[in-house]
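Visitor: below are the sequence and a predicted model for it; my questions follow.
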Amino acid sequence: MVVALALALAACGTSGAAPEAPPTSAVPVPADGEVITETVAAPSLANNMLGDPAEREIAVYLPPSYASSDARYPVVYFLAGYEERISMFGQHTDELWAQMLTPGKLEFIVVEVDGISALGGNFYANSPVSGNAEDFLTQDLVGYVDTTYRTIPEASARGLSGFSMGGSGTINVGPAHPDVYDGVDGSRVYLYGEGWNFGEVADNRLFTQATQGQLGGTGIGTFSDRLRDAVRGGGPFDEDPRVQGFGSGAYSDPNGAPVNGTEAEQLARAQHQADLVRLGLAGNLRDFSFLASDGQVRTGAEIDYNGRPAGYAQSPEEVITYVDAHDNETLFDALTLKLPTDTPMADRVRMNTPSLATTALAQTPSFWHAGADLLRSKSLGRNSYNSGDWFNVLDISGQRPPR
């Protein structure tokens with residue numbers, strides 16, 4: 001799945017005649033701006049095989065000065081992700097709002113739209129099944145917004161961005177319509193995704209998958225579970241989460257859990273985990289050679305990872321190195337589960353640091369879960385996307401009172 005792509009919009013407001021007044025059903029928003037939610041006609045979606053309605057709900061953000069001026073504004077169109085409905089001040093738009101609401105920054109209108117269909121999402125593509133969603137974006141929606149709001153009705157004043165499925169829509173629709181959207185250059189966008197090999201399409205069962213080891217030479221990155229599992233220990237779906245790893249005390253600080261095996265088994269596992277870490281630091285390349293823990297010089301492809309070659313990349317940018325992310329336990333919570341229960345806090349902090357260092361020093365793009373350097377905890381929760389701020393709040397200042 002393609003991640004969010006935010007693209008810069010270069011334009012400035014100029015005065016001009018105002019079109020007819022926009023709808024008035026609005027809700028309060030920060031910084032004295034205004035969000036209007038409305039349903040717009042979508043003739044391009046008519047007669048689709050799913051029977052989905054030929055209309056779309058959109059949310060339109062109007063900047064603070066909109067109500068008191070006759071200026072025209074550039075527009076950023078934000079495409080929601082798969083199965084996501086519009087949520088103007090919801091997840092995935094924090095960076096966009098932070099840039100827009102900073103004093104002295106250019107003001108612009110934001111239009112959010114979703115790609116919901118009876119199948120979950122239309123991927124903002126033209127299809128007889130779900131309707132011509134690309135045409136809706138480039139014709140119906142832009143035409144409606146330009147005639148309803150005080151926009152700068154030029155391609156140079158329109159930007160396109162999105163999350164997940166919306167990111168896919170951005171890089172597919174934008175470059176194909178330079179007469180509608182400005183600044184969308186797919187050749188300058190770094191693409192990366194999960195790249196896992198599982199489910200009904202595993203092992204290229206239905207078609208050739210964009211998975212680890214099958215993207216050599218494309219420059220497209222995939223998340224690497226090799227270094228992640230070696231550092232944390234075990235995997236995200238272990239029945240017993242106390243399997244220890246390179247960063248969580250394997251062999252050196254045994255937690256006593258039977259799942260870790262005998263002392264000899266713990267040593268052998270720790271040595272193999274060290275191989276995976278060395279390989280990961282070097283880009284997880286399949287052809288990279290190094291002295292492995294068995295005393296032999298081996299390539300990355302010759303190092304084992306659960307029955308598969310550990311090294312799979314042709315070039316470092318084809319790998320995303322990480323040790324924790326938004327799903328599964330945070331690094332600190334994983335260490336809480338895996339380290340001996342009597343481990344002092346000072347030692348927990350020290351073990352958190354080299355675990356993160358494997359990501360920071362790897363010769364690949366580095367992915368950090370926000371707050372990992374601050375020992376962020378989600379109370380051992382594995383998947384907190386819908387758990388609210390009690391679990392998910394991130395206090396960079398460190399001043400928030402304990403919960």
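Guide: It's in.
Visitor: burial measure for the closest residue to residue 78 other than its chain neighbours, as a count.
Guide: Spatially, and ignoring its direct neighbours in sequence, residue 78 is nearest to residue 112 (4.5 Å; C-beta to C-beta, 6 or more residues apart in numbering). For the C-beta atoms, the positions are set from N, CA and C on the backbone; glycine is no exception. Residues within reach of residue 112, counting by other C-beta atoms under 10 Å, total 28.
Visitor: buried residues in the host helix or strand of residue 355?
Guide: Using DSSP states H and E, the element containing residue 355 is helix 345-360. Neighbour-count burial for helix 345-360 flags 351, 352, 355, 356, 358, 359 (criterion: 16 or more other C-beta atoms under 10 Å).
Visitor: okay, the residues you listed in a markdown table with distance to residue 270 and pLDDT next?
Guide: Below are the buried residues of helix 345-360 laid out as a markdown table (distance: C-beta to C-beta, whole Å; pLDDT from 0 to 100):
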| residue | distance to residue 270 | pLDDT |
| --- | --- | --- |
| 351 | 14 | 94 |
| 352 | 18 | 94 |
| 355 | 14 | 96 |
| 356 | 19 | 96 |
| 358 | 14 | 96 |
| 359 | 19 | 95 |
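Visitor: circling back: could you say what helices and strands the helix holding residue 355 packs with?
Guide: helix 225-232, helix 263-281, helix 331-338 (3 or more C-beta pairs under 8 Å, 6 or more residues apart in numbering; DSSP states H and E).
Visitor: mind putting these into CSV with distance to residue 116, mean pLDDT and mean neighbour count?
Guide: Converted to CSV, those look like this (distance: least, C-beta to C-beta, whole Å; pLDDT from 0 to 100; neighbours: other C-beta atoms under 10 Å):
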stretch, distance to residue 116, mean pLDDT, mean neighbour count
helix 225-232, 31, 97, 26
helix 263-281, 38, 97, 19
helix 331-338, 33, 95, 24
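Visitor: how about CSV for those, with distance to residue 246 added?
Guide: Below are the helices and strands packed on helix 345-360 laid out as CSV (distance: least, C-beta to C-beta, whole Å):
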stretch, distance to residue 246
helix 225-232, 5
helix 263-281, 4
helix 331-338, 11
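Visitor: what's the closest of those helices to residue 150?
Guide: helix 331-338 (47.6 Å; C-beta to C-beta).
Visitor: follow-up on the earlier one: and of the helices and strands packed on helix 345-360, who's closest to residue 322?
Guide: helix 225-232 (6.0 Å).
Visitor: and that closest one, C-alpha only, in CSV?
Guide: Provided in CSV are the C-alpha atoms of helix 225-232 (Å, rounded to 0.1, in the frame of the first residue of the first chain):
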residue,chain,number,x,y,z
ASP,A,225,11.3,-7.3,9.2
ARG,A,226,14.8,-8.8,9.3
LEU,A,227,16.6,-6.3,11.5
ARG,A,228,13.3,-5.4,13.3
ASP,A,229,12.8,-9.0,14.6
ALA,A,230,16.5,-9.4,15.3
VAL,A,231,16.6,-6.3,17.5
ARG,A,232,13.3,-6.8,19.3
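Visitor: just give me how far it sits from the chain centre.
Guide: In terms of C-alpha atoms, centre = their mean, to the nearest Å, the centre of helix 225-232 is found 19 Å from the chain centre.
Visitor: where in the stretch 51-200 of the chain is pLDDT low?
Guide: 87-104, 183-188 (pLDDT under 70).
Visitor: now the helices for it?
Guide: Under the criterion DSSP state H, counting those that start in this stretch, the stretch 51-200 of the chain contains helices at 94-100, 133-135, 142-148, 165-176.
Visitor: count the neighbours of residue 385 for me.
Guide: If we define neighbours as other C-beta under 10 Å, then residue 385 has 10 of them.
Visitor: residue contacts, the closest residue to residue 203 other than its chain neighbours?
Guide: Nearest residue to residue 203 in three dimensions, chain neighbours excluded: residue 197, at 6.6 Å (C-beta to C-beta, 6+ apart). Taking C-beta atoms under 8 Å, 6 or more residues apart in numbering, we find residue 197 in contact with 203, 209, 211, 212.
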